[in-house]
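Asker: have a look at this prediction, sequence included:
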Amino acid sequence: MTVYFHEGDLPDGLDLGLQVAIDSETMGLRFRRDPLCVVQLSSGDGNAHVVRLNRPAYDCPNLKRLLTDPKVLKIFHFGRFDIGMFDLHLGVETRPVYCTKIASKLARTYTDRHGLKDVAKELAGVDMSKAQQSSDWGAAELSQAQLDYAASDVLYLHAIMNRLNEMLVREGRMELAQACFDFLPVRSRLDLAGWDEIDIFAHA
């Protein structure tokens, strides 16, 4: 595994293929309080690219172009949060997308453990460490442990997606999953607009 570190944006001419695993690191989990700091990506080749964003300008045209490219599938785990952060700070709507957490909840109905650590262990045979999850992602310099942690969150998403797709097809839920993925950017916009804790589909 090689972790490539980039300041501000992805390098010109970088081709990550038609399916890119993406995750982000922030200073917390509240949209307007906590800034977006880092975006990590992998083409599924066992390597990762970690971008430390320039705040508050967020001048990253290559990354924005990738996030909005209609020919490139963006693979997330709990993409609802990352997509919302990209909308808020980068000003882009990320499409098309795939979320392994949604797929897990639709396919792995025999468990309520759908966090990335649990899903990766069962479907990819990987025991992931979450030790750096709550570290300071806004620091002037990122440690090697932070870079390795960021990379680990995207290295296995292609393999996980492939396994989940097999399960979704087997259980006849692939079409339902795709409809959820298509709606996900809208769900993120609802979060940003103040409907994050309200189920607009509920009767009450």
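Answerer: Great, that's in hand.

Asker: okay, now the unreliable bits of the chain?
Answerer: In the prediction, the chain carries residues with pLDDT under 70 at positions 131-132.

Asker: 90 - rerun?
Answerer: For the chain, applying pLDDT under 90 flags the ranges 1, 129-134, 204.

Asker: please enumerate the helices of it.
Answerer: Secondary structure of the chain (DSSP state H): helices at 61-68, 79-85, 100-107, 116-124, 144-155, 157-170, 174-190.

Asker: what's the closest of these to Phe5?
Answerer: Evaluated over the helices of the chain, closeness to Phe5 peaks at helix 144-155, with 6.2 Å, by Cβ to Cβ. From N, CA and C alone the C-beta is placed, and that goes for glycine too.

Asker: the inter-axis angle of the closest one versus helix 116-124?
Answerer: 50 degrees (axes from the mean of the first three to the mean of the last three Cα atoms, to 10 degrees).

Asker: please save the CA atoms from helix 144-155 in CSV.
Answerer: C-alpha atoms of helix 144-155 as CSV (Å, rounded to 0.1, in the frame of the first residue of the first chain):
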residue,chain,number,x,y,z
GLN,A,144,1.7,9.1,9.4
ALA,A,145,-0.8,7.4,11.7
GLN,A,146,-3.5,9.8,10.5
LEU,A,147,-2.6,9.3,6.9
ASP,A,148,-2.7,5.5,7.3
TYR,A,149,-6.1,5.7,9.1
ALA,A,150,-7.5,7.9,6.4
ALA,A,151,-6.3,5.5,3.7
SER,A,152,-7.8,2.5,5.5
ASP,A,153,-11.3,4.0,5.3
VAL,A,154,-11.3,3.8,1.5
LEU,A,155,-9.0,0.9,0.6
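
Asker: list the helices and strands that helix packs on?
Answerer: strand 3-7, strand 19-26, strand 36-42, strand 48-52 (3 or more Cβ pairs under 8 Å, 6 or more residues apart in numbering; DSSP states H and E).

Asker: in it, what counts as buried?
Answerer: Judged by neighbour count using 16 or more other Cβ atoms under 10 Å, the buried positions of helix 144-155 are 146-155.

Asker: same check, this time on stretch 41-52
Answerer: 41-44, 47-52.

Asker: what's the answer for stretch 2-10, then?
Answerer: Burial within stretch 2-10, assessed by neighbour count using 16+ other Cβ under 10 Å, is assigned to 3-6, 9-10.

Asker: let me know the closest of these to His89.
Answerer: Closest to His89, out of all of these and judged by Cβ to Cβ, is Asp9, at 13.6 Å.

Asker: any idea how far that closest one is from Met167?
Answerer: Going from Asp9 to Met167 by Cβ to Cβ, to the nearest Å gives 36 Å.

Asker: was I right about Leu16 contacting Asn47?
Answerer: No: using Cβ atoms under 8 Å, Leu16 makes no contact with Asn47, being 9.8 Å away.

Asker: picking up where we left off before, mind putting the helices of the chain in TSV, distance to Gly138 included?
Answerer: As requested, those are exported to TSV (distance: least, Cβ to Cβ, whole Å):
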stretch	distance to Gly138
helix 61-68	18
helix 79-85	14
helix 100-107	25
helix 116-124	22
helix 144-155	11
helix 157-170	24
helix 174-190	22
